[in-house]
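K.L.:
pasting the sequence and the predicted coordinates here, then a few questions.
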Amino acid sequence: MKKIFYGDKKDQFGEIRLPEGEGPHPVAVVIHGGFWKEQFQVDLMHDVAEDLTAQGFATWNIEYRRVGQDDGAWPNTLLDVGAAFDYVLELSKEYNLDTTKTITIGHSAGGHLAMWLAGRHKIQTTSDLYVEHPHSVAGAMSLAGVVDLETMHDVHHFRDTSMGAEPNNPVADLLKGSPKDVSERIKAASPLELLPFNVPHVLVHGALDIHVPIGISSRYHRIAEELAEFVKFVELTEAEHFMLIDTKTEAWAAVREEVDLLLKSI
């Protein structure tokens, strides 16, 4: 594993791991979750990256500026992830990578970012997130991902108001406002709003998830299918949120199988 910076900020880096053999290697861009918050870091996906590398992928496990940092949240969290993804093209100058087979795989908030990268080419030129000619995503995988920002926002808002709790809404913190107040940001940042983006993608979600409701993925899947998107939804009936990135679990074995199928489809 080698740590490489894609920018000049302390959190603008990734960890590259290379499989055995000369290549060219397919690339998995690995994205950690934690509701985009500062305290959750790249180490959450170390085991996932190592397992995928053993499976034959070059992995690029990325860090990015996050909510709670002075320069985190909108737009820099998303811009960093985009820049890290595009940096795969720079990495290919030193390492033997098959950049035409670059997939994204993210967990929770990282699942949001993995899908957002797949739809990023649909962002309007007027958005703060617009980048000309981004690197293409060949396939994307969301593991219990927040693929619908507005619905996730509404779930947290309902919980807070019904329980009389202090407001704690990660989506509003990411966007620096509620969906109704920053509607243009939702359109540019939510994968659901960017459909269809014509990239094969897979949603894996545990039925026992209490952090990101499985309904977020199932609703997204239904809408994506109606738009003739290349999408697959895998419900793991005995899995909760974190089992999907625990490489010792049957849930992870199912994820690995889907990764293999995704790679074969591109």
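P.N.:
Nice, I can see it.

K.L.:
okay but Val137 is in contact with Lys101, surely?
P.N.:
No. Val137 lies out of contact with Lys101 (CB atoms under 8 Å); the separation is 10.4 Å. Glycine gets a C-beta too; all of them are placed from N, C-alpha and C.

K.L.:
residue ranges of the helices in this structure, please?
P.N.:
46-54, 76-86, 88-91, 109-119, 149-163, 170-175, 183-189, 191-194, 214-226, 250-265 (DSSP state H).

K.L.:
now the worst-scoring helix or strand of the chain on mean pLDDT: buried residues?
P.N.:
The weakest-scoring helix or strand in the chain, judged by mean pLDDT, DSSP states H and E, is helix 149-163 (a mean of 88). By neighbour count with 16 or more other CB atoms under 10 Å, helix 149-163 contains the buried residues Leu149, Glu150, Thr151, Met152, His153, Val155, His156, His157.

K.L.:
quote the end-to-end distance of stretch 238-248.
P.N.:
15 Å (CA to CA, to the nearest Å).

K.L.:
next one: stretch 175-182
P.N.:
Taking CA to CA as the criterion, the two ends of stretch 175-182 lie 7 Å apart.

K.L.:
which residues touch it?
P.N.:
Residues from elsewhere that reach stretch 175-182 (CB atoms under 8 Å, 6 or more residues apart in numbering): Ala73, Trp74, Leu149, Glu150, His153, His157, Asn169, Val171, Ala172, Arg185, Ile186, Ala189.

K.L.:
go with 7 Å
P.N.:
Applying CB atoms under 7 Å, 6 or more residues apart in numbering, the contact partners of stretch 175-182 are Ala73, Trp74, Glu150, His153, Ala172, Arg185, Ile186, Ala189.

K.L.:
go on, stretch 28-35?
P.N.:
Residues contacting stretch 28-35 (CB under 7 Å, 6+ apart): 40-42, 44-45, 48-49, 52, 57, 59-62, 81, 85, 88, 102-111, 113-114, 170.

K.L.:
swap in 8 Å and give it another go.
P.N.:
Counting by CB under 8 Å, 6+ apart, stretch 28-35 makes contact with 40-45, 48-49, 52, 57-63, 66-67, 81, 84-85, 88, 102-111, 113-114, 117, 146, 170, 174, 259, all of which sit outside it.

K.L.:
now Lys232. Nearest residue, chain neighbours left out?
P.N.:
Excluding its sequence neighbours, the residue lying closest to Lys232 (CB to CB, 6 or more residues apart in numbering) is Val202, at 4.7 Å.

K.L.:
and the one you found, what is it in contact with?
P.N.:
Gly139, Ala140, Met141, Ser142, Val231, Lys232, Phe233, Val234, Glu258, Leu261, Leu262.

K.L.:
what is the second one paired to in the beta sheet?
P.N.:
Ala140 has the following beta-bridge partners by DSSP bridges: Thr104, His201.

K.L.:
residues near it, how many?
P.N.:
31 (other CB atoms under 10 Å).

K.L.:
doesn't Ala118 make contact with it?
P.N.:
Yes. Contact status for Ala140 versus Ala118: in contact at 4.0 Å, counting by CB under 8 Å.

K.L.:
joint contacts of these two?
P.N.:
Contacts common to Ala140 and Ala118, judged by CB under 8 Å, 6+ apart, are Thr104, Val199, His201.

K.L.:
so the first one sits against Val88, correct?
P.N.:
Looking back up the chat, that one is Thr104. No. Thr104 lies out of contact with Val88 (CB under 8 Å); the separation is 10.3 Å.

K.L.:
compare the two (neighbour count), which wins?
P.N.:
Thr104 (29 against 21).

K.L.:
from Glu229, how far off is the nearest residue to Gly215 once chain neighbours are set aside?
P.N.:
Computed as CB to CB, 6+ apart, the closest residue to Gly215 that is not its neighbour in sequence is Thr151, at 7.8 Å. Computed as CB to CB, to the nearest Å, the Thr151 to Glu229 distance reads 17 Å.
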